[in-house]
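Trainee: Pasting a predicted model and its sequence here:
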Amino acid sequence: MALWSQDIEALKDLYERHFGAKANVKYVNEKKKTQAHFLTFASSARLELIQRPGLNTVKDSAADDEFMGYAHLAMSVGSQEAVDKITARLVEDAFICSGGPRTTGDGYYESVVADPQGNRIKITV
């Protein structure tokens, strides 16, 4: 999965600090004015963060609004206790939690937190 961003360093820091991702050395393409980090998670899942000047935002609304396109990224952290701890740490770090932690109607234990761009991250067991 790839995520365009206006600030890949803030996103990289969030995924490294709160979800244990490991980032590669930043790739820079001077010709296209593009920068990228590839993040690898313990499960071997990878997320590419890409930054380029002049990008338009996907949406211009609150983090908990629904919109066409990217809806959320789900991060499975292994236990209810881990969901609670990571959510609390994110809130302490001034990230906005728009839901949970809670058990959903379909039985999932989750919280929803906005990343620095307002993209929603569902933190699940």
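Mentor: On my side now, so go ahead.
Trainee: who does the strand or helix carrying residue 89 touch, helix- and strand-wise?
Mentor: Using DSSP states H and E, residue 89 falls within helix 80-92. Other elements packing on helix 80-92 under the criterion 3 or more C-beta pairs under 8 Å, 6 or more residues apart in numbering; DSSP states H and E are helix 8-19, strand 97-103, strand 109-114, strand 120-124. Glycine gets a C-beta too; all of them are placed from N, C-alpha and C.
Trainee: which residue packs closest to residue 82, ignoring adjacent ones?
Mentor: Counting by C-beta to C-beta, 6 or more residues apart in numbering, residue 82 lies nearest to residue 125, which is 7.7 Å off, once chain neighbours are set aside.
Trainee: Distance check, the closest residue to residue 87 other than its chain neighbours against residue 118.
Mentor: Of all residues not flanking residue 87 in the chain, residue 111 sits nearest, at 4.2 Å (C-beta to C-beta, 6+ apart). Using C-beta to C-beta, to the nearest Å, residue 111 is found at 16 Å from residue 118.
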